[in-house]
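Asks: What would the 3D arrangement of this be:
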Amino acid sequence: MSGHGRRDVTSEKDWQRVAEFAVAEFGRIDGLVNNAGVSTGQPLETETVEHFRKVIDINLTAVFIGMKTVIPVMKENGGGSIVNISSAAGLMGLALTSSYGASKWGVRGLTKVGAVELGEAKIRVNSVHPGMVYTPMTASVGIQQGDGNYPNTPMGRVGEAPEIAEAVTFLLSDAASYITGAALAVDGGWTTGPTVKYVMGR
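Replies: Numbering: from 1, shown residues only. Got it, this is the predicted structure:
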């Protein structure tokens, strides 16, 4: 992997190259974070089959391939931790996310299957479900930082990328040694329900 170039997460060969590189470089694989994903807002009625399949391939099939690739290596090491990045859209129905939502519900389900199948091998598998997070991409569609700028979330604001990273780091670490199969929402309470002010239109 000269230059640490880009890889295709939907390619079994590329995943194998990454795993081989990691073992050659570090001697083992202790953790995996599946974080690649795509999303575009489109009503179910007008979503194309071609685009739906593309999103499923990148957001879900790639997670399956990644897990499948590292499991044998982790078993040889005596265990490991896998964290799959799902979404708040994998915990609730969210408009304009037919392909994205389906893929993220799939990630949640695949995580549960991995947890029950791999527990005895001491491989923990968990999913993280971010809510609205401030990034260059969300900023481009008007999402703003700061209190009061996301009123339908109990905490009243969007998340920050480091807050998601801290949750992922926790699940990868030994501090989470008895946690597997969890679906951790890092969403400011968004999937729990709206605030009184939001419901009352204030």
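
Asks: end-to-end on stretch 129-136?
Replies: Across its full length, stretch 129-136 reaches 19 Å between end residues, using Cα to Cα, to the nearest Å.

Asks: So which bits of it are buried?
Replies: Neighbour-count burial for stretch 129-136, counted by 16 or more other Cβ atoms under 10 Å, picks out 129, 130, 131, 132, 133, 134. From N, CA and C alone the C-beta is placed, and that goes for glycine too.

Asks: Which of those residues lies at the shortest distance from residue 88?
Replies: residue 131 (4.5 Å; Cβ to Cβ).

Asks: How about that closest one: what's its closest non-neighbour residue?
Replies: Leaving out its chain neighbours, the residue that sits closest to residue 131 by Cβ to Cβ, 6 or more residues apart in numbering is residue 187, at 2.7 Å.

Asks: which ones are touching that neighbour?
Replies: 88, 129, 130, 131, 132, 153, 159 (Cβ atoms under 8 Å, 6 or more residues apart in numbering).

Asks: among the residues you listed, which two are most distant?
Replies: 129 and 153 (13.4 Å).

Asks: Let's see the pLDDT reported for the residue most central in space within the chain.
Replies: Most central residue of the chain, judged by C-alpha distance to the mean C-alpha position with Cα atoms, centre = their mean, is residue 85 at 0.9 Å. Listed pLDDT for residue 85 reads 98.
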